[in-house]
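Following is a predicted model, sequence given first.
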Amino acid sequence: MQFKHPEILYFLFLLVIPILVHLFQLRRFKKEYFTNVRFLKELSIQTRKSSKIKKWLLLATRLLLLTCIIIAFAQPFFKAKNSINSANEMYIVLDNSFSMQAKGQKGELLKRAVQELLENTPENQTFSLITNSETFWNTDIKSIRTELQNLKYSALPFQLESAMAKIKSRKSAFNKDIIVITDAVGLEAKQLKSINSDFNTYFIIPEAEQKNNAAIDSVFIHQNLDNFYEIGLNLSAFGEKNKDIPVALYNQNKLIAKTQTKFETNKKTIYFTIPKKDFHGYASITDNGLEYDNNFYFSISKPKKNNIISIGATEKSNFLSRIYTNDEFNFNNFDIASLDYNAVEKQDAIVLNELDEIPQALQTTLKSFVEKSGNLIFIPSAKTSTANINPFLKIFGNLQFKSLENKEKQITKINFNHPLFSGVFEKKINNFQYPKTKTSFGIASTNPAVLYYEDQTAFLTSINNPISAVYLFTAPINLENSNFQQSPLIVPTFYKMGISNGNNGVNALNISDNNPFYVDANLSKEEILKIKNDTETFIPVQQILNGKVKMMFNDLPQQAGNFGVFNKTENIKNISFNYDRAESDLDKVNESALSDYKTIDSVNTVFNSIQTDRTDNQIWKWFVIFALLFLLTEMAIIRFVK
């Protein structure tokens, strides 16, 4: 026990006064004169022993009364268990990602967490609130009541490292109390390493009762027919399966197709056939799980001709003109001497066809071309020096040519899972007419090959990025060195390599994926492009290039949907955005990673625990009560004890 004002305890010396009064009490006797004993009143005889007991009882109660009064004024207390952290700053990290849409015992996890904060956070408690999308510094529950009630789900997945980085950026002399409210979907042990060991961290893990969910993962063009597209929808099921799921397809918000499907496994692909024209809509499913992943927005632009040039000897490029025909491509061939460098950036794909040497100026131009969403196809020359060509290849990734091998090899294996062959083959082909090469370069690369030799080395490999690709053959494919030009594989291979996704593919971006997006547009320096639909308008970060505009969207838009790219009032391209599907699987809860941290069942428990551990136990009121009790006891002794 400690005292807030210990100096008042010196007044305990006053206890000597009642002791002296009781020990040296002097009584003066008064004489009464009377003439007759019959006038004497009847006296109750009090023994000397009972009189002493009464005096000692009065002395004890008065001493205790005075002692309690003095101690009460000294304000005694028991020190808090955790008083060293009583000045800590409070931070609340609230996960408002889409997995918090799941329903627990009392409704949606996020809405219930918000309600608990509103009901149980002390009104005088100052704290900072950090969500996936918003931050409120040094506030209180009254000030952000409206913001909490209107808090929406965020397209950004829960990232504990990001929240901790924000907290650490707030430099302070005080330690920090952190309450993390998350369902722990996708939470990994490495993320917890961002928490400082001296932080007083509490985790509240609301649990979903129903973890079944279905999601549309992606949409792709399965077949490119004369007048129709056959598109495929990749679906995923988590939890219980074998339930009928309605699937619908909308174009411009109009229903154009509908079916039902049942999951026999966790993954399923279904197909729709749509007219070969502009598509700007979404696919939709209906299930009892999360809502955010039930719609997948995508756009398909009406096909336009792809611009392709081949740089090399004309006689070696004749086979390309038979693949890149005039109905789908604008194809031209240039030798290195007649090449117009200004025309390079206007192409969708460029074939470097057996150049003995690549000038430095062309290397720089091609690097820029690939960065601006162009596909590059590299066919080496047998006369190529690896010392000259490897610095060029290193521009695009970690791969290098080795020495030329004068050894005949057969091309025997197709990588059917490679994106280049997506939708090309209806079934895997194991026995086909194997093309061959007489000489080839060895290659050092970590990228998966597209076509393999019989010794499992690469004949064709690629470096893919979200907006373009670089394809590399390891051998010349002229008629003297190879019969690959007569192989059935050459048409789908070169056809798919020459198609730009921006012209003929499915346009569907993920919100928060910071990949550049290119639009064909000739803008002046004062003009800007806007992205908008009926509910949201924003201006992306953009850079004007030669005939194109490079755009970066960062964390925009806020809601998934179909948008248009507008130059003033002109819609120059359709574009679609979707939420990341990272939190569709509600079984990805990793509570075992939290074994070293305090896991609390509710917000109320956290605040009560902090209050109990850090508040001194004031007991002066008890001494006031005891003083009153001793006062009443003294009065009772005087009145009733004879």
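Here it is on my side, so go on.

hey, let's count contacts and neighbours off CA atoms from now on
Fine.

Can you work out which other helices and strands pack against the helix ranked longest in the chain?
In the chain, with assignment by DSSP state H, the single longest helix is helix 48-74. Contacting helix 48-74 under the criterion 3 or more CA pairs under 8 Å, 6 or more residues apart in numbering; DSSP states H and E are the following elements: helix 16-23, helix 620-640.

For the shortest one, give the mean pLDDT please.
With pLDDT averaged residue by residue, helix 16-23 scores 76.

what's the answer for the last one, then?
pLDDT averaged over helix 620-640 equals 82, rounded to a whole number.

tell me which residues of that helix are tucked away?
Buried residues in helix 620-640, counted by 16 or more other CA atoms under 10 Å: W620, F623, V624, F626, A627, F630, L631, T633, E634.

Turn the helices and strands packed on helix 48-74 into CSV, including distance to P435.
Listed next are the helices and strands packed on helix 48-74 as CSV, based on distance: least, CA to CA, whole Å:
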stretch, distance to P435
helix 16-23, 117
helix 620-640, 97
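
Contact partners for L523?
Residues near L523 by CA atoms under 8 Å, 6 or more residues apart in numbering: I544, G547.

For the stretch 401-550 of the chain, which residues score under the pLDDT cut-off?
By pLDDT under 70, the low-scoring segments of the stretch 401-550 of the chain are 422-432, 466, 500-504, 546.

Going by residue numbers, what spans are strands in it?
For the stretch 401-550 of the chain, the strands defined by DSSP state E, counting those that start in this stretch occupy 409-414, 436-437, 440-445, 449-453, 458-464, 469-473, 506-507, 509-510, 517-520, 529-532, 537-538, 541-544, 548-552.

As JSON lines, the ones you listed with mean neighbour count and distance to T265 would be great.
What follows is the strands of the stretch 401-550 of the chain, written out as JSON lines (neighbours: other CA atoms under 10 Å; distance: least, CA to CA, whole Å):
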{"stretch": "strand 409-414", "mean neighbour count": "19", "distance to T265": "26"}
{"stretch": "strand 436-437", "mean neighbour count": "22", "distance to T265": "40"}
{"stretch": "strand 440-445", "mean neighbour count": "19", "distance to T265": "35"}
{"stretch": "strand 449-453", "mean neighbour count": "22", "distance to T265": "28"}
{"stretch": "strand 458-464", "mean neighbour count": "22", "distance to T265": "30"}
{"stretch": "strand 469-473", "mean neighbour count": "21", "distance to T265": "32"}
{"stretch": "strand 506-507", "mean neighbour count": "20", "distance to T265": "26"}
{"stretch": "strand 509-510", "mean neighbour count": "20", "distance to T265": "25"}
{"stretch": "strand 517-520", "mean neighbour count": "18", "distance to T265": "35"}
{"stretch": "strand 529-532", "mean neighbour count": "21", "distance to T265": "38"}
{"stretch": "strand 537-538", "mean neighbour count": "14", "distance to T265": "40"}
{"stretch": "strand 541-544", "mean neighbour count": "16", "distance to T265": "42"}
{"stretch": "strand 548-552", "mean neighbour count": "19", "distance to T265": "37"}
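
Same list, these, but as TSV with distance to K394 please.
As requested, the strands of the stretch 401-550 of the chain are arranged in TSV below (distance: least, CA to CA, whole Å):
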stretch	distance to K394
strand 409-414	25
strand 436-437	25
strand 440-445	11
strand 449-453	17
strand 458-464	11
strand 469-473	12
strand 506-507	30
strand 509-510	29
strand 517-520	24
strand 529-532	34
strand 537-538	37
strand 541-544	26
strand 548-552	24
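
before we move on, the earlier item: go through the helices and strands packed on helix 48-74 and name the closest to P157.
Evaluated with CA to CA, the helices and strands packed on helix 48-74 place helix 620-640 nearest to P157, the distance being 51.4 Å.

quick one: the closest one to chain centroid distance?
64 Å (CA atoms, centre = their mean, to the nearest Å).

Of all the helices and strands packed on helix 48-74, which one is nearest F238?
helix 620-640 (59.4 Å).

Would you mind pulling up the elements that the closest one packs against?
Judged by 3+ CA pairs under 8 Å, 6+ apart, helix 620-640 is in contact with helix 48-74.

I'd like the average pLDDT over the helix it packs on.
For helix 48-74, the per-residue pLDDT averages 78.

Using neighbour counts, pick out the buried residues of it.
Neighbour counts over helix 48-74 (16+ other CA under 10 Å) mark 57-59, 61-74 as buried.

Then stretch 560-579?
Buried, per 16+ other CA under 10 Å, within stretch 560-579: 560-567, 573-579.

Tell me which two of these sit farthest apart.
N567 and Y579 (25.6 Å).

Which parts of this protein belong to which domain?
2-79, 83-210+586-615, 234-296, 306-504, 511-576 (automatic domain parsing).

which stretch among these comes nearest D226?
domain 234-296 (7.8 Å).

now do the same end-to-end measure for the closest one.
With CA to CA, to the nearest Å as the measure, domain 234-296 spans 10 Å from end to end.

Show the contacting residues for the residue sitting nearest the centre point of the chain.
Centrality entry for the chain: nearest residue to the mean C-alpha point is P157, 2.1 Å, by CA atoms, centre = their mean. Listed by CA under 8 Å, 6+ apart, the contact partners of P157 are S97, F98, N132, D580, A582, E583.

ok, T365 to F392 distance?
Distance, T365 to F392, by CA to CA: 11 Å.

All the strands of the stretch 151-300 of the chain, residue numbers only.
Ranges of strands within the stretch 151-300 of the chain are 176-181, 200-204, 213-224, 228-238, 244-251, 254-262, 267-275, 279-285, 295-300, based on DSSP E, counting those that start in this stretch.

got the buried residues for the third one?
Spelled out, that is strand 213-224. Of all the residues in strand 213-224, those buried under the rule 16+ other CA under 10 Å are N213, A214, A215, I216, D217, S218, V219, F220, I221, H222, Q223.

how far away is the first one from L235?
Applying CA to CA, the value for N213 to L235 is 11 Å.

Kindly report the same for the fifth one.
With distances taken as CA to CA, D217 is found 6 Å from L235.

Identify the residue spatially nearest to F553, adjacent ones excluded.
Excluding the flanking residues, the one nearest F553 by CA to CA, 6 or more residues apart in numbering is P540, at 5.2 Å.

ok, now which ones touch that neighbour?
Counting by CA under 8 Å, 6+ apart, P540 makes contact with L529, K530, I531, M551, M552, F553, N554, L556.

what does F378 give?
Contact analysis of F378 by CA under 8 Å, 6+ apart lists V351, L352, N353, E354, V470, Y471, L472, F473.
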